[in-house]
Structures are given as structure tokens and as C-alpha cells.
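pasting the sequence and the predicted coordinates here, then a few questions.
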Amino acid sequence: MKHLINPLDFSVEETEELLLLAEDIAKDRSRYSEICHGKKLATLFYEPSTRTRLSFEAAMLNLGGNVLGFASGGDSSASKGESVADTIRVVSCYADIVAMRHPKEGAALVAATHASVPVINAGDGGHQHPTQTLTDLLTIHSLKGHLDNLTIGLCGDLKFGRTVHSLISALVRYPGIKFVLISPEELKVPSYIRKEVLQKNGIEFKETEDLESVMPELDILYMTRVQRERFFNEEDYIRLKDKYILDMNKMALAREDMLVLHPLPRVNEISVEVDNDPRAVYFKQAQFGVYVRMALIMKLLGVELC
Amino acid sequence: MKHLINPLDFSVEETEELLLLAEDIAKDRSRYSEICHGKKLATLFYEPSTRTRLSFEAAMLNLGGNVLGFASGGDSSASKGESVADTIRVVSCYADIVAMRHPKEGAALVAATHASVPVINAGDGGHQHPTQTLTDLLTIHSLKGHLDNLTIGLCGDLKFGRTVHSLISALVRYPGIKFVLISPEELKVPSYIRKEVLQKNGIEFKETEDLESVMPELDILYMTRVQRERFFNEEDYIRLKDKYILDMNKMALAREDMLVLHPLPRVNEISVEVDNDPRAVYFKQAQFGVYVRMALIMKLLGVELC
Amino acid sequence: MKHLINPLDFSVEETEELLLLAEDIAKDRSRYSEICHGKKLATLFYEPSTRTRLSFEAAMLNLGGNVLGFASGGDSSASKGESVADTIRVVSCYADIVAMRHPKEGAALVAATHASVPVINAGDGGHQHPTQTLTDLLTIHSLKGHLDNLTIGLCGDLKFGRTVHSLISALVRYPGIKFVLISPEELKVPSYIRKEVLQKNGIEFKETEDLESVMPELDILYMTRVQRERFFNEEDYIRLKDKYILDMNKMALAREDMLVLHPLPRVNEISVEVDNDPRAVYFKQAQFGVYVRMALIMKLLGVELC
């Protein structure tokens, strides 16, 4: 394994190993603080994504490495007509590992094909965003202690949300997983997820429009943003956007040990009053995102604690 | 003290301590060159300010720390509708200290309220820019040896210049300070500065339109830029912009030990011929800006020489 | 020597010394990995040039130094009307060495005049780009073992291509150099190159429109991009742009040990099928670019291996 392009590029065993490493890092960061000394990460962000980029950069700096790159396409040579294949071959001379964000689906795969250093897909269009999935898995694994035997509610835009699709695909590999899919009719999971991922793997799931009624069943509630740009008309957006807002009234219906996750940025789908509830772990999730990227960089570079 | 949001957040005693630390750093930088090893500064610049951003980054690198961040709002997640409160909570997972520049007044205060790491206000709209004030104080303190018993001329745009207002507010805390306020009628200090800061504290000051006549009295001449965007009409701007240009003829009227400061960037309000005069210390000021930010980062992080 | 502004700022002897240092670095990078510890490079890019900027940053990081700066003019203080002279005086307080890219010819020279640290010209308009020339020289020197007694084909846009003009000017200083200038009539080298550089130095050269016929003579083939923006009308561009495409048919006519160089980015003037030919060294060139910039930074900073 040299690259991370798709969320399922790591097997269950490899994922377990990665998550355990991330948890060991979380326990004692100082032991890892020089392990990538002299190594360089290139962050090639053809479209801006501050959160993801800073998370990668923090991860590499935490390992004692360095960072170079660009934050948006306008600053890059792409405007001179250079292909991703050529750019990655050049950047392979500049860095030991690359994290690439690109608006086009498949760009990271093309990069990996031509790179002579490991490439991490930091998001390619609406397609894949594997380090978000690893972040979600680490958050659940660290705070629940396991990834199996969980009832997971996914709420909001289940049609277009790539983080939701990737998380479902990753979790069906564990025994005892049940999904509760909570969305308006218009934003239900696409049929390929329902058929090819859920039914094909014999996974228990139900679909509902009503968040309140299912709250008591959930171990995990994964909230997502309903993006304005996903709607054909403004009217639909306005009607639906507030329908699945999580507030303290709904939280009162949930279990004591339920966890609320969110890939962020949050707009208003979670009321700020929920932030102080100990079950709200979406800001902790950002911290887990750094740890899992630290583990990932180590794995792909092949560096280990002596 | 965990944040620096307003220029007066530090008391006279704390300011003195900070300036002495900055002067010790200036004397022997190498003793401090690893003191923040493993620490990370995030520079969150929602609007560009190259000079200020690079000064912070140089400061952190000089201390052996690392830097990550963004240089302008277009590169940030702000465009996805995320609040400053959410962004700072996430960035608190990425960095040990934050310097934030934001076009909106009060943004840094909001950030400080939600951050779990120290926040430095690197400018919020036309409101506050406390590290510029600390830079000005360090420049005077280092080159004059004291901050009291000085006659300080402030020249140019005294109405809108926030650095002028902050400097006045900081200096009235020292005994024996006199101000000479030199500006066209249209750009005099606002009445709240005249009443609430100067008169209320019993500070001696005079207002004049004539730079030449007061030159011989001054220990410090603080020049400022007359910004085109401050004027309602172009005509006024053109009439006034050249009225307070400092040249060698005016410098000939000044004391041997007078100092000329300027927050930079300078456009044409100081003739380039003045640059070589030993009393022109505005480029040295940029160097003092790095030292004072080094001291500030150390104080807020709570790191000290063993 | 404190700055590098023009490709000929280094004499033949100084160039030789620089290339030998770069080759020593290439041989054992780890010996140089901390040699600039505590030093800072400022990359001041008033226009974007990702490749060049990242090459400089990789070079400085490889030497154990740090990097700060900006990637495009929009992020800089230039928009506030500050002169390059003032900016460089301030940045001299922030960094130990500067690499500057600017759209205006002569900007780097102005910067060098006012800087108190070494300035490297990383491209000033269509004028000079000396580190590209050093990269080309190192590539040839390392792979051929010498810079004299070579027949060098230059193909494509020889009229506007500054890298071509600089490379010619640098190579005429070595004995036994012959040039084959391959271009459409419209894009031949300007007459000052023909007269002042080639004829004046008694250099053997020929001009041709036909790439194929001269392939067997060449030791080096230096390909360049034919830029759309150089043409007065679209028709001419379309007619000419494909005329000098290097493919495997033409490569079959070349010597076994001919080298193909290209300053990159490549659009379509070299078919991707050529990339795997061992004679295609344009991606290796990017690696040599890092080594030569490492050597350059060391020389200008005056640091040496103990």
C-alpha cells in the first residue's frame, strides 16, 4: 500500500492497525514529535479547503516534518495548462508525500499513477474523501471502544453527502451494524447505496423522515449539512433546511452515551446550545482528524517508532 | 492573561515586562532560538496583511516553532458559512496559539471567547491592532530608554488612524507625556480621544495644522499615511495628501535625537531622502515588531528561558 | 557576490563551483540537511509560479531552514501602494535570504539595491530567470559530465522564450559549443541574440525550420512551449503550435545519448510517450532544480560544511 485514494483502500485489518497507531499517538504525542524529521509533505489544494489542509499540515508538523504547497488553484501552474500527471511528477522531486485536493473526480488516482511518492486523496470533487472517513472511524473507535454492534443514525443530506456514503461503505464491514437513515424524501441515499452496499451485505437498516422518533435507538448520530447548492430551487431549500436541526429538545430523547458527530463545517443544523453537551463530539472529531492523519502519514512513509 | 485583543489588555507593569523580554531577545536572539520548538502558530488572515502576517511568522520561526494558516479570506472555509466561533474551536486542535486578522470589528474577541488556545488580535477592521501599538512602544522604549517624559508629535490622518488612537491611549499611562497633534482640520483626532483619553487624564496636548513650526519641540514624530479611501471626494484627497510630507528641509528643524516612526506602508508622506537620516527609524521599527511578537508569543504560551 | 539577479552574475569559475556543490549535495543530501538550521527564506511571489516557488521552498527545507512568504500579488501589501524598495527593507527584518518573482522587469534589481539580505531573482517579467538557467546547466553538467564541446538544439519559441536566451548566453562562455536553432520563421531568436551573443563570440550556429533533419546531430535537445499569448492571432497559433511536437518517431532519429530538456510546464510539445525514454530528462531536471537552489542558498548565505 503506497497511496490512499479510496476510503476502502485499507482492509479492516489495516484500518484497525492505523486506528490503534492513531490512538497511541493521541496517548503520548511527544514520542512521535520527531519521527518525520527531515520529511516534507506537499499540500496541493486545487480548490480551497482550509480545515482539511490545516489538519494535514498540523499532522505533519506534529511529527517533526515540514510542509509546502498551495492553498487554491489560482496560485498553481494548472492555469498554464499543465496536467496533473506532470505536476505530480515534478512535486515528487520536492516532497516525500503529497495530499491532494482537486475539483475533478479521479484526479487523485491519476496523480497516484504518476507519482514516485505516496499520494493521499484529500477530496476529489463530490467523489471520495477518505481521510474524513478515517477521522469518523477513529472518533467512534476511540470513544466507543469498538466499531461493531452499533446503531448509527445518519441525518440530513444522504443523497449527495459523500462522507455519508463513504462511512456507510466502511462500516458495513463490521458485524452487528444497523443504520437509521434520516432524511427528507428528496435527499434519501441513492439506490446504489441501498442495493449494492446495504442490501447486498445483508445490513439491517431503516429509512425515516422523522429524527425525533428514532433518537432513543441511536448509539451514534451523524449529522450533515444540507447544502444550498444541492437544490434545484430556493423554495425547496428553505422548506427543508431547518427540518433536521438538532437541538436540546431532541437531545433529551437520546441515550446518555449517544455520540453526535458532524464532518463540519456546521451551519445551523446543530444548534449551538448542543455544543456544551458532553455527547457532542464534533469538535473532538477535528482533533481525531489530526491524529489519524499523523498515523496515515507514518504508515505511507513507512516510518515507525524504534 | 491568555489573549491579546485590545492594546490596553496589558497593564503598564505587564507591558514593561514584555518590552524588557523583547529587548533581551534583541540582545541575544540565539538563546531563544529553540524555546518554542514543537509549538505551532496559526495565522488566520481573513483579509491580506502581508507585513503583519510575515512578522508573526518570522517571530514564531525565530523561536524554533512552526507556522500554518491562510493568507486571505478567499482561501478559508468562511465562504461555506462557518462562524468564527466554530473555526477557532477547530483551529484550537491544530495550533498552540493563533494570530487572527479579520475585517469585522470584534471578531478577535469572539474567537478568544471560544478558543482553547491563546488568541492574538492581528487587526479587526478599523478597530484594534494591538501588536502595532506594542511595536511602537518597544521602538520608543528601546531607542529612548523610557516611555515617560516625552513630547510626541502625531502627524497625518489622526481621525481614522487606529494606530494613532491606540498609541495615544497607551502612552497617557506614563508620566510627563505631551502630545502635539498635527493634521488638517478635516482629519483631527475624534472628540472621544480629545475628551475621554486626553482631557480626562489631564494630558498636555496641542493641535496644529503646521508641521514645520512644531518640529523643534518633538522627541518623537509619528507619521501616518493619508489613505485615499478615507476621503469623500477625490478633490479633498489631492489637496491634502501632500500637505504633511516629511522631507529633509523639515528634518533640519528637528532635534538631533528626535525619532521618526511610521507604522508602514509609507506611500509618499515621507520623502525617500529621509530614509538615510539616522533619526528615521521606521524600518528598524519593523525589526522591533518581530522582537515584540516573539516576546508576546512566549508570554501567552507561558514559555520561559530556564 | 551577494545577490543573483542575472544569469551571468556568476562567472564561469563561480558557476563551476556552484555546480560542483550541487552535485555533492545530490550525492549525499543528509550531510547538508541541517546546514541552514535557524535560517529563513522569504519567497515573495508577486505573481504565481508554483513550480519555482515550491522548488525554492523544498531547497530551503532540505537544508534544515524555514520558509515564509506569499504566493501571489493579491495577498501582498503591494495593493496598498508600497514600493518594492520599502517592502524589501521590511522583509530584510523577517528573513535571511529572499527569492522574488515579480511581473515587472528590473524589480529584482531594485530589491537587491535596498535589501540588507541576499536577493535571488526568481523571474522578473519576460526578462530574467537565472535559477532556471542554473538548473539547465546543472542538468547538462551532471548528465554529460561537462558543459563544453556540445551541440545543443533549441526548439520552439526562440523569440520570446527567456530561458532560451539565458541558456545561450550562459553556454557561449564554454569552448566547442554549437547551436542548432529550430523554430518557425515567426519565432526565430531575436537579432540581438544572433549578433551580440552568437556572432560576436564567434559561436557556430545554424537556424532551421525542420526538427527531424537535425535530430541526429544533437547532444542536447532543449524543447520549449509555444505560448498562446505570444501570438497576435489565434490562426497563427493553431497553425504553428503542433509543428514542433517531439514524439517517438523523431526520437528514433536521435543519438543514443542525446538528452531532452524542457523548462516545464509542458503542454503538448512533447508527446507523453516520450516520457519513458531514458533520454527524456525533463522531470529529472526538476530534481536538479532543487539541488542547484540548495547550493545557491548556501553560497549566498555563506554557509559551508565544516
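Yes, it's here. A quick note: this is a predicted structure, and the numbers were derived from the prediction, not measured.

and the strands in the stretch 51-200 of chain A, which stretches?
With DSSP state E, counting those that start in this stretch as the criterion, the stretch 51-200 of chain A has strands at A:66-70, A:97-102, A:119-124, A:151-155, A:178-182.

quick one: closest of those to B:T224.
Proximity to B:T224 (CB to CB) singles out strand A:66-70 among these, at 35.1 Å. Where C-beta positions appear, they are placed from N, C-alpha and C, glycine not excepted.

now do the closest one: which elements does it pack against?
strand A:40-45, helix A:50-62, helix C:50-62 (3 or more CB pairs under 8 Å, 6 or more residues apart in numbering or on different chains; DSSP states H and E).

would you tell me whether the second one gets close to chain B?
This points to helix A:50-62. Yes - interface with chain B: helix A:50-62 contributes A:T50, A:R51, A:L54, A:S55, A:E57, A:A58, A:L61, A:N62 (CB under 8 Å from any CB of the partner chain).

hang on, the earlier thing: output the helices and strands packed on strand A:66-70 as TSV; include the columns mean neighbour count and mean pLDDT.
Formatted as TSV, those follow (neighbours: other CB atoms under 10 Å in any protein chain shown; pLDDT from 0 to 100):
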stretch	mean neighbour count	mean pLDDT
strand A:40-45	25	97
helix A:50-62	26	97
helix C:50-62	26	97
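
low-confidence regions, the stretch 1-150 of chain A specifically.
Along the stretch 1-150 of chain A, segments meeting pLDDT under 70 span A:1, A:74-80.

tell me the residue of it that sits nearest chain B?
The minimum distance from the stretch 1-150 of chain A to chain B, using CB to the nearest CB, falls at A:A58 (3.9 Å).

in space, what's closest to that residue - neighbours in sequence excluded?
B:Y94 (3.9 Å; CB to CB, 6 or more residues apart in numbering or on different chains).

so what's that neighbour up against?
A:L54, A:S55, A:E57, A:A58, A:A286, A:V290, B:K40, B:A42, B:L68 (CB atoms under 8 Å, 6 or more residues apart in numbering or on different chains).

which among those residues gets closest to B:F10?
Distances from B:F10 to the contacts of B:Y94, taken by CB to CB, are shortest for B:A42, at 21.9 Å.

point out the residues in chain A that sit beside chain B.
Residues of chain A lying near chain B (CB under 8 Å from any CB): A:33, A:48-51, A:54-55, A:57-58, A:61-62, A:67, A:71-72, A:264-267, A:272, A:283, A:286-287, A:289-290.

B:Q199: which of the residues of helix A:50-62 next to chain B is nearest?
The nearest one, if we look at the residues of helix A:50-62 next to chain B relative to B:Q199 and count by CB to CB, is A:T50, at 46.1 Å.

from B:A42, how far off is that closest one?
10 Å (CB to CB, to the nearest Å).

joint contacts of these two?
What both A:T50 and B:A42 touch, as defined by CB under 8 Å, 6+ apart, is an empty set.

how about the nearest residue to A:P216, chain neighbours excluded?
A:L253 (5.7 Å).

my bad, should have said A:N6
A:N6's closest residue in space is A:Q128 (CB to CB, 6+ apart), at 5.4 Å.

would you map out the domains in chain A?
Listed domain ranges for chain A are A:33-128, A:131-285 (source: automatic domain parsing).

which one of the ones you listed is the most hemmed in?
Greatest average neighbour count among the domains of chain A goes to domain A:33-128 (a mean of 22), per mean count of other CB atoms under 10 Å in any protein chain shown.

can you give me the end-to-end span of it?
30 Å (CA to CA, to the nearest Å).

so where do the strands sit in the stretch 201-306 of chain A?
Under DSSP E, counting those that start in this stretch, the stretch 201-306 of chain A gives strands at A:204-208, A:220-223, A:259-261.

now the longest one: mean pLDDT?
If I follow you right, that is strand A:204-208. What strand A:204-208 shows for mean pLDDT is 97.

ditto for stretch A:277-297
Average pLDDT, stretch A:277-297: 98.

now swap in stretch A:211-223 and tell me
97.

can I get that stretch as PDB, trimmed to CA atoms?
This file holds the C-alpha atoms of stretch A:211-223, laid out as PDB (Å, rounded to 0.1, in the frame of the first residue of the first chain):
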ATOM      1  CA  LEU A 211     -35.500  12.400  13.500                       C
ATOM      2  CA  GLU A 212     -37.200  12.700  16.900                       C
ATOM      3  CA  SER A 213     -38.800   9.300  16.900                       C
ATOM      4  CA  VAL A 214     -35.600   7.400  16.300                       C
ATOM      5  CA  MET A 215     -33.400   9.300  18.700                       C
ATOM      6  CA  PRO A 216     -33.700   6.800  21.500                       C
ATOM      7  CA  GLU A 217     -32.400   3.900  19.400                       C
ATOM      8  CA  LEU A 218     -29.100   5.500  18.300                       C
ATOM      9  CA  ASP A 219     -25.500   4.900  19.500                       C
ATOM     10  CA  ILE A 220     -24.200   7.400  17.000                       C
ATOM     11  CA  LEU A 221     -25.900  10.300  15.300                       C
ATOM     12  CA  TYR A 222     -24.000  11.500  12.300                       C
ATOM     13  CA  MET A 223     -25.300  14.900  11.300                       C
END
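
how far is it from where the chain is centred?
Averaging C-alpha positions (CA atoms, centre = their mean, to the nearest Å) puts stretch A:211-223 20 Å from its chain's average.

again with stretch A:162-172
9 Å.

what does that stretch contact?
Contacts of stretch A:162-172 (CB under 8 Å, 6+ apart): A:7-8, A:15, A:126-130, A:132-133, A:136-137, A:147, A:150, A:152, A:154, A:156-158, A:177, A:179, A:189-190, A:193, A:197-198, A:201, A:203, A:222, A:224, A:263.

please name the nearest non-neighbouring residue to the residue nearest the centre of chain A.
Closest to where the C-alpha atoms of chain A average out (CA atoms, centre = their mean) is A:Q132, at 1.2 Å. What sits nearest to A:Q132 in space, not counting adjacent residues and going by CB to CB, 6+ apart, is A:T163, at 5.0 Å.

tell me which residue in the stretch 201-306 of chain A sits closest to chain B.
A:P265 (3.7 Å).

right, and the residue nearest to the centre of chain A touches A:L261 too?
No - using CB atoms under 8 Å, A:Q132 is not in contact with A:L261; the gap is 10.7 Å.

mind listing what's buried in the lengthiest helix in chain A?
Secondary structure of chain A per DSSP state H: the longest helix is helix A:282-301. Neighbour-count burial for helix A:282-301, counted by 16 or more other CB atoms under 10 Å in any protein chain shown, picks out A:282-283, A:285-301.

does chain C sit close to that helix?
No - Helix A:282-301 lies apart from chain C when judged by CB under 8 Å from any CB; the minimum separation is 15.5 Å.

what packs against that helix?
helix A:12-27, helix A:50-62, strand A:97-102, strand A:119-124, helix A:130-144, strand A:259-261, helix B:84-91.

contacts only, for the residue nearest to A:D219 when sequence neighbours are not counted.
The shortest distance from A:D219 to any non-neighbouring residue, by CB to CB, 6+ apart, is to A:L150 (4.5 Å). By CB under 8 Å, 6+ apart, A:L150 lies in contact with A:I140, A:K144, A:L171, A:Y174, A:G176, A:I177, A:K178, A:D219, A:I220.
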